[in-house]
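Visitor: this is a predicted model, with the sequence first.
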Amino acid sequence: MPVDHLTADLRSAIDAIALIDPHTHINPLQPASKSLDDILGYHYYTELAHSVGMSQEPLAPSVPARERVRAILTHMPRYDNTAQYAWFLDICKTFLDYDGEPVSGADADRLCDAAERLMAQADWEQQVLTRSKLEGVFLTNEFDDPLEGFDTRRYIPCLRTDDLVFKLDQPSVRERLAQATGVEVHDRTTLRQAVGQLFRHFTSKGARACAISLPPDFRPQPAGDFTLTSDPVARSQAVFWTLAEHCRDFKLPFDLMIGVNRRVYRAGVFQGQDLFDNRTSLMLYAELFNAFPTVPFCVSILSSTLNQELCSFAWIFPNVITSGHWWYANVPALIAMDLRARLQAVPKTKQIGYYSDMYKLEFGLPKFNMYRSVLANVLAADFVRPGLLSETRAVELARYLLRDNVQTIFRVSLPHG
């Protein structure tokens with residue numbers, strides 16, 4: 001096959017862009033992996049292995065880590081066609097000096113030994129960040145996170161609000177909220193006081209976003225009377241609307257991750273039970289977008305069937321931004337299709353190209369590598385070859401998606417790029 005020099009040149013230039021990852025689940029107190037068990041504990045691998053026949057017994061906490069790794073790798077040849085396998089292989093080759101393929105259970109001891117030796121280095125975290133070209137990493141922080149013990153300029157706080165919106169009827173959640181804010185919530189006034197205290201705490205620690213994942217049938221509505229005994233739907237709507245009001249008042253973007261249906265596969269592994277639902281429509285959010293014109297809503301979707309609607313909303317609403325390729329849409333074929341539509345329909349300043357959603361830093365490199373490959377191909381085929389953009393302007397467009405828009409939308413100031 002002849003070498004595609006244009007795509008290769010674009011990919012090389014895109015690789016040089018320093019990254020800000022706008023959504024992860026990194027623990028800033030232990031951001032990098034300590035073992036191969038940390039890598040393969042990522043739910044993609046446990047759920048894929050379970051899907052092809054592995055029982056859940058190796059996932060029990062009592063099972064030695066090396067045996068858990070061996071079990072997952074033993075089943076890996078059954079799903080070595082997947083994007084997730086490609087991520088793992090990229091990690092092994094880049095970080096663990098692995099030069100073989102395919103990976104199987106026979107490689108367990110070799111890879112575990114390499115991981116334990118290399119990840120024990122004192123500067124391992126910095127090595128991973130440097131090789132991955134990651135300058136900033138957004139977090140997902142529970143509302144009662146003290147946000148202490150880490151550099152908030154590198155690991156950027158984000159207020160995650162799912163428990164507030166959907167579980168405030170639970171005494172344990174209200175107790176956590178009271179401990180975090182000094183306010184016992186029982187009506188609309190105390191709700192606003194508590195949420196206000198949370199936003200003051202988070203913004204004082206450098207938080208740059210508020211975020212939530214939402215079920216397919218959720219409909220934001222202006223908050224009415226609020227009590228803890230309100231109808232669950234009305235209670236959730238009241239809390240959500242109050243959060244949107246504070247995003248407006250504190251000038252924080254609101255990340256909306258729309259359409260997840262929880263516990264579909266009830267016998268699934270941890271974090272491997274949820275799926276998307278095609279009944280979702282962004283028309284449910286039209287009132288929200290109209291009511292808060294100054295709040296940037298960074299919208300993630302789970303299904304390509306919703307992508308045209310998202311593109312159309314971002315086309316006409318100044319405050320709607322396309323954000324990443326979430327979860328089940330995070331494979332090259334679907335990214336290419338969705339990316340093509342967004343680049344042809346949505347202003348370039350209103351797109352957050354990608355986020356990793358990672359739990360450990362080592363996944364930033366392979367996941368962004370996947371996106372950068374798709375991006376280089378789409379830019380070459382759809383923009384440079386037809387003469388719509390020069391190579392230089394195509395790389396500038398890539399920079400908007402990978403860095404500049406994150407800095408502008410979330411008001412993040414980092415020096416390089």
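Guide: Looks like it came in fine.
Visitor: quick one: low-confidence parts of the stretch 301-417 of the chain?
Guide: Within the stretch 301-417 of the chain, the segments meeting pLDDT under 70 span 415-417.
Visitor: go again using 80 as the cut-off
Guide: Scanning the stretch 301-417 of the chain with the threshold set as pLDDT under 80 gives 414-417.
Visitor: can you check the stretch 151-300 of the chain too?
Guide: Counting by pLDDT under 80, the stretch 151-300 of the chain contains low-confidence ranges at 223-225, 230.
Visitor: what segments of it are strands?
Guide: 155-156, 159-160, 210-214, 254-258, 260-261, 275-276, 297-301 (DSSP state E, counting those that start in this stretch).
Visitor: just tell me which of those strands ends up closest to E47.
Guide: strand 275-276 (11.1 Å; Cβ to Cβ). C-beta coordinates here come from the backbone N, C-alpha and C atoms, glycine included.
Visitor: list the helices and strands the closest one packs on?
Guide: For strand 275-276, the packing partners by 3 or more Cβ pairs under 8 Å, 6 or more residues apart in numbering; DSSP states H and E come out as strand 260-261.
Visitor: sheet partners, orientation included, of the strand it packs on?
Guide: strand 275-276 (antiparallel) (DSSP bridges).
Visitor: re the thing from before, now the strands of the stretch 151-300 of the chain as TSV including distance to V69 and mean neighbour count?
Guide: Shown next, in TSV, are those (distance: least, Cβ to Cβ, whole Å; neighbours: other Cβ atoms under 10 Å):
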stretch	distance to V69	mean neighbour count
strand 155-156	27	23
strand 159-160	29	26
strand 210-214	29	23
strand 254-258	30	25
strand 260-261	29	18
strand 275-276	27	20
strand 297-301	31	25
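Visitor: need those strands in TSV (columns: distance to P366).
Guide: TSV is the format used below for those (distance: least, Cβ to Cβ, whole Å):
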stretch	distance to P366
strand 155-156	20
strand 159-160	24
strand 210-214	23
strand 254-258	22
strand 260-261	23
strand 275-276	23
strand 297-301	20
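Visitor: what number of residues lie near V137?
Guide: Residues near V137, counting by other Cβ atoms under 10 Å, number 24.
Visitor: that one contacts Y155, correct?
Guide: Yes. Counting by Cβ atoms under 8 Å, V137 does reach Y155; the two are 5.4 Å apart.
Visitor: what sits in contact with each of the two?
Guide: Any residue near both V137 and Y155 by Cβ atoms under 8 Å, 6 or more residues apart in numbering counts here, and that gives 26, 28, 31.
Visitor: give me every residue that touches the second one.
Guide: With contact taken as Cβ under 8 Å, 6+ apart, P28 is in contact with 137, 139, 149-151, 155.
Visitor: change it to 10 Å
Guide: 137, 139, 141, 145, 147-152, 154-157 (Cβ atoms under 10 Å, 6 or more residues apart in numbering).
Visitor: going through those, which ones are buried?
Guide: 137, 139, 141, 145, 147, 150, 155-157 (16 or more other Cβ atoms under 10 Å).
Visitor: from those, which is closest to A86?
Guide: Nearest to A86 among those, with distances taken as Cβ to Cβ, is V137, at 22.0 Å.
Visitor: count of residues packed around L89?
Guide: 18.
Visitor: separation between the closest residue to P157 other than its chain neighbours and F410?
Guide: Distances taken as Cβ to Cβ, 6 or more residues apart in numbering place A207 nearest to P157, at 4.1 Å, with adjacent residues excluded. Distance of A207 to F410, given as Cβ to Cβ, to the nearest Å: 10 Å.
Visitor: likewise for E67?
Guide: Here E67 is placed at a distance of 42 Å from F410 (Cβ to Cβ).
Visitor: got a pLDDT number for the closest residue to E116 other than its chain neighbours?
Guide: Nearest non-adjacent residue to E116, counting by Cβ to Cβ, 6+ apart: S35, 6.0 Å away. S35 carries a pLDDT value of 98.
Visitor: is it true that S35 touches A108?
Guide: No. If you go by Cβ atoms under 10 Å, S35 and A108 don't touch, sitting 11.8 Å apart.
Visitor: if we can go back for a sec, what is the burial count for the residue nearest to P157?
Guide: A207 has 24 neighbours, counted by other Cβ under 10 Å.
Visitor: which residues does it contact?
Guide: By Cβ under 10 Å, 6+ apart, the contact list for A207 reads 138-139, 141, 145, 147, 152, 156-159, 198-199, 201, 250, 252, 410.
Visitor: can you count the residues close to A106?
Guide: Around A106 there are 11 other residues, counting by other Cβ under 10 Å.
Visitor: and if you look at the one 4 residues further on?
Guide: R110 has 14 neighbours, counted by other Cβ under 10 Å.
Visitor: contacts only, for it.
Guide: If you count contacts by Cβ under 10 Å, 6+ apart, R110 has them with 92, 96, 98, 100, 103.
Visitor: chain neighbours aside, what residue packs nearest to the fourth one?
Guide: Excluding its sequence neighbours, the residue lying closest to G100 (Cβ to Cβ, 6+ apart) is D107, at 6.9 Å.
Visitor: residues near that neighbour, how many?
Guide: For D107, the number of neighbouring residues by other Cβ under 10 Å comes to 20.
Visitor: would it be right to say that it lies in a helix?
Guide: Yes. Assessed by DSSP: H, G, I helix; E, B strand; the rest coil, D107 belongs to a helix.
Visitor: list the contacts for it?
Guide: D107 neighbours (Cβ under 10 Å, 6+ apart): 36, 69-70, 73, 76, 92, 98, 100-101, 114.
Visitor: show me the domain layout of the protein.
Guide: 35-119, 124-409 (automatic domain parsing).
Visitor: including distance to S12, could those go into JSON lines?
Guide: Listed next are those as JSON lines, based on distance: least, Cβ to Cβ, whole Å:
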{"stretch": "domain 35-119", "distance to S12": "17"}
{"stretch": "domain 124-409", "distance to S12": "9"}
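Visitor: and those: which comes nearest A13?
Guide: domain 124-409 (4.5 Å).
Visitor: how far does that closest one sit from its chain's centre?
Guide: Computed by Cα atoms, centre = their mean, to the nearest Å, the chain-centroid distance of domain 124-409 equals 7 Å.
Visitor: start to end distance for that domain?
Guide: 31 Å (Cα to Cα, to the nearest Å).
Visitor: surely R372 and D15 touch.
Guide: Yes. Judged on Cβ under 10 Å, R372 makes contact with D15 at a distance of 6.3 Å.
Visitor: which one, of the domains of the chain, ends up nearest to D4?
Guide: The minimum distance between D4 and these falls on domain 124-409, with 7.2 Å, by Cβ to Cβ.
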